[in-house]
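[1] sequence and computational prediction follow.
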Amino acid sequence: MKKERYSFWGLLIAGGIVLISGFVVWSVNVYRVTFLTIRGEQFLACGTLLLALVLMVNFIKKGGLKGKRLADAVKIYFGFFICSLPVATFLVFTTAWLLDGDYSAWSKPYRYESSTRHSCSGAEVYEPELKKEIRVCNPQGNFYADTTLYVEKRSNALGIVVLWAITRS
């Protein structure tokens, strides 16, 4: 191989490592502390569908569907939908995390939930603004023995962001 190829592969590997590290940091610092409202979930669904539609229209304009059946076009659209879901998730959750909002706090009884393959261990508690159960990952304090969870949060139009949580007796 020529020496120019080594620099290309080095940059490609370094970029991949940065991308994977950035995803891990984003999932811990943004995704785990942000919970979407109904409006935020609607933005996520519409954004995913529209992004897939834009990709499909671009694909049709370039002549990618010539000689294909309708079933093939539907499969290609579903493929675009699956690929656009992580992008829309990243955009909506990051926007909800970055938007400013009203600061508030509440204290409620909780139940401890252990970690699974897809979630962290923490306190499962009913969030009155979202009207559903949320899991606050690893709150401060002894969440095995204490009975009350104190949460400080920031609320905006797309969702809530848990800023700080501690367990109390």
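    Right, received. Where do you want to start?

[2] touching stretch 78-94 from outside, list them.
    26, 30-31, 34, 36, 40, 43-44, 47-49, 51-52, 55-56, 59, 158 (CB atoms under 8 Å, 6 or more residues apart in numbering). Where C-beta positions appear, they are placed from N, C-alpha and C, glycine not excepted.

[3] pLDDT weak spots in the chain?
    Residue ranges of the chain with pLDDT under 70: 1-4.

[4] regarding this structure, what is its longest strand?
    strand 159-168 (DSSP state E).

[5] CA atoms only: put it into PDB for me.
    Presented in PDB, the C-alpha positions along strand 159-168 are these (Å, rounded to 0.1, in the frame of the first residue of the first chain):
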ATOM      1  CA  GLY A 159     -40.100  17.700  27.500                       C
ATOM      2  CA  ILE A 160     -38.400  17.800  30.900                       C
ATOM      3  CA  VAL A 161     -34.700  17.500  31.900                       C
ATOM      4  CA  VAL A 162     -33.900  16.100  35.300                       C
ATOM      5  CA  LEU A 163     -31.100  18.400  36.600                       C
ATOM      6  CA  TRP A 164     -30.600  16.800  40.000                       C
ATOM      7  CA  ALA A 165     -32.100  14.000  42.100                       C
ATOM      8  CA  ILE A 166     -31.500  12.800  45.700                       C
ATOM      9  CA  THR A 167     -33.200  10.200  47.900                       C
ATOM     10  CA  ARG A 168     -34.400  11.100  51.400                       C
END
